[in-house]
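Based on what follows, work out the 3D shape:
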Amino acid sequence: MGDFASLILQQCINGVVMGCLYVMVALGLTLIYGVMNQINFAHADFVTLGAFASFFFVKWMGGGYLLSIGVSFIAGGLLGYIINLTIFAPLRERGDELRPLIATIGASVLLENGALVIFGPIPYQFDTPYGDVIRFGKIFFTEQSLLVVVVASAAIAGLYAFMKFTFTGKALRAISQDRETAGLMGINQAYLIMLTIVIASAMAGMAGAMLGPILVLTPFAGASVVVKSFAIVIIGGFGNMEGTIIAGLLVGLIEAFTTQYLGSGIIDLVVFGLLLVMLLVKPTGLIAEKKEENV
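Residues are numbered from 1 along each chain as shown. Take a look at the predicted model:
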């Protein structure tokens, strides 16, 4: 394999790794919007919580890193359940869609500053136990990268299958299409909305555990990832799972090749430039939003 072909393949691998992580975070945003027609601005903090939960489980409790991913999944889901129970659900019962949206901003500020008080401003370094490099000729990747792709692919496929083929998933899709009619058919809206938030938060927590060894851990670690995830949701088409998956992988690949040829300093410029172009050329996203096909 020539040097140029090897370089292209190497960057494709790097892009897929980051793309898988972006998709895991962005799918939570897509799921919440698709079912509830709402944006969760506190989503970054579930990613941060997942990263810290994994870090402290490994460093303080001596647990295995693989098990810590499951711990972060549970921690993210639990925080989502608590936030929904104490903040979002009471506000939704008042029938005001704006208040829950504003509440997500307040919850984000509360969680970030709470994390700042608990963990402090000094960054934590999370060293992965899967740092060994695997080589195939001129192509190389770490065991951590392989783990990210395997776990993220399994989680994404599992969520997709859950939404498309299970009764509960079909009920969630029914709520996204027509909440009032779904309620008349006996579907428990409050329970399914809670389940949506828990699943989205758990996915974010799991993504945080795998991002931990890549990022420098601070109380604001998830912010940069979620900002790009918002861009991915818009590029893919609000509320559409397939569009989010395609857009997430696309952004990951764009980042990899931008880093190689233009430098890492302008990654955000390129990604959000793509977002602006998409809004101008195809504002509906890669796959136009259709309520009957959402989530």
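
by contact count, what packs against the one helix or strand in the chain whose mean pLDDT sits lowest?
Here the helix or strand of the chain ranked lowest by mean pLDDT, DSSP states H and E is helix 179-184, holding a mean of 74. When contacts are defined as 3 or more Cβ pairs under 8 Å, 6 or more residues apart in numbering; DSSP states H and E, helix 179-184 packs onto helix 167-177, helix 189-211. Every residue, glycine included, has its C-beta placed from N, CA and C.

For the stretch 51-200 of the chain, which residues score under the pLDDT cut-off?
Counting by pLDDT under 70, the ranges of the stretch 51-200 of the chain that qualify are 95-97.

now the strands for it?
Residue ranges of the strands in the stretch 51-200 of the chain, as given by DSSP state E, counting those that start in this stretch, are 133-136, 139-142.

ranking the ones you listed by burial, who's on top?
Among those, strand 139-142 has the highest mean neighbour count (mean count of other Cβ atoms under 10 Å), at a mean of 16.

Now it - C-alpha only, CSV.
The C-alpha trace of strand 139-142 is given here as CSV (Å, rounded to 0.1, in the frame of the first residue of the first chain):
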residue,chain,number,x,y,z
ILE,A,139,-1.7,1.6,9.6
PHE,A,140,-1.9,1.8,13.4
PHE,A,141,-4.5,2.4,16.1
THR,A,142,-4.7,1.9,19.9
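
Tell me which strands it pairs with, and in which orientation.
Strand 139-142 has the following strand partners under DSSP bridges: strand 133-136 (antiparallel).

who touches the partner strand?
Contact partners of strand 133-136, identified using Cβ atoms under 8 Å, 6 or more residues apart in numbering, comprise 140, 141, 142, 143, 146.

nearest to residue 255, of those residues?
Residue 255 has its nearest neighbour among those in residue 141, at 15.7 Å by Cβ to Cβ.
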